[in-house]
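# Next input, structure requested:
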Amino acid sequence: MGFAFFAGANFLLTLVAAFITVYFAPTAAGPGVPEIKAYLNGVDTPNMFGATTLFVKVHADFYQ
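As a prediction, this is how the structure comes out:
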């Protein structure tokens, strides 16, 4: 019973993290280092350093 509870809770939190990443800030899906290297090489990705990207990265890391 305990395993089912923890597996269900983990599934729910992962689903929430995936939902906010896909629908609110798709630029937050990457690990971060390639985006920074691309930015330093002159590639301008819209909303890479925006508030929603930061919010989703912090919350998605919390949920996983």
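
# remind me, longest helix of this protein?
helix 2-24 (DSSP state H).

# name the helices or strands packed onto it?
Contact here means 3 or more CB pairs under 8 Å, 6 or more residues apart in numbering; DSSP states H and E; on that basis helix 2-24 packs against helix 51-63. (Glycine included, C-beta is placed from N, CA and C.)

# and the helix it packs on, what's its mean pLDDT?
Here helix 51-63 scores 75 as its mean pLDDT.

# Kindly report the same for stretch 4-21.
Averaged across stretch 4-21, pLDDT comes to 90.

# That stretch: which residues count as buried?
For stretch 4-21, burial by neighbour count (16 or more other CB atoms under 10 Å) applies to Ala17, Ile20, Thr21.

# before we move on, what about stretch 25-35?
Judged by neighbour count (16+ other CB under 10 Å), stretch 25-35 contains these buried residues: Ala25, Thr27, Ala28, Glu35.

# Which residues does stretch 3-12 contact?
Outside of stretch 3-12, no residue comes within contact range by CB atoms under 8 Å, 6 or more residues apart in numbering.

# ok, Ala51 to Ala38 distance?
As judged by CB to CB, to the nearest Å, Ala51 and Ala38 stand 20 Å apart.

# For those two, work out which one has more neighbours and name it.
Ala38 (14 against 9; other CB atoms under 10 Å).

# In space, what's closest to the more buried one - neighbours in sequence excluded?
Using CB to CB, 6 or more residues apart in numbering and skipping residues adjacent in sequence, the residue nearest Ala38 is Thr45, 6.9 Å away.

# Let's verify that neighbour: helix, strand, or coil?
coil (DSSP: H, G, I helix; E, B strand; the rest coil).

# Touching, it and Glu35? I think so.
Yes: shown here, Thr45 and Glu35 form a contact pair, counting by CB atoms under 8 Å, at 6.7 Å.

# Could you please give me the overlap between the contact lists of those two?
Counting by CB under 8 Å, 6+ apart, the contacts common to Thr45 and Glu35 are Thr27.
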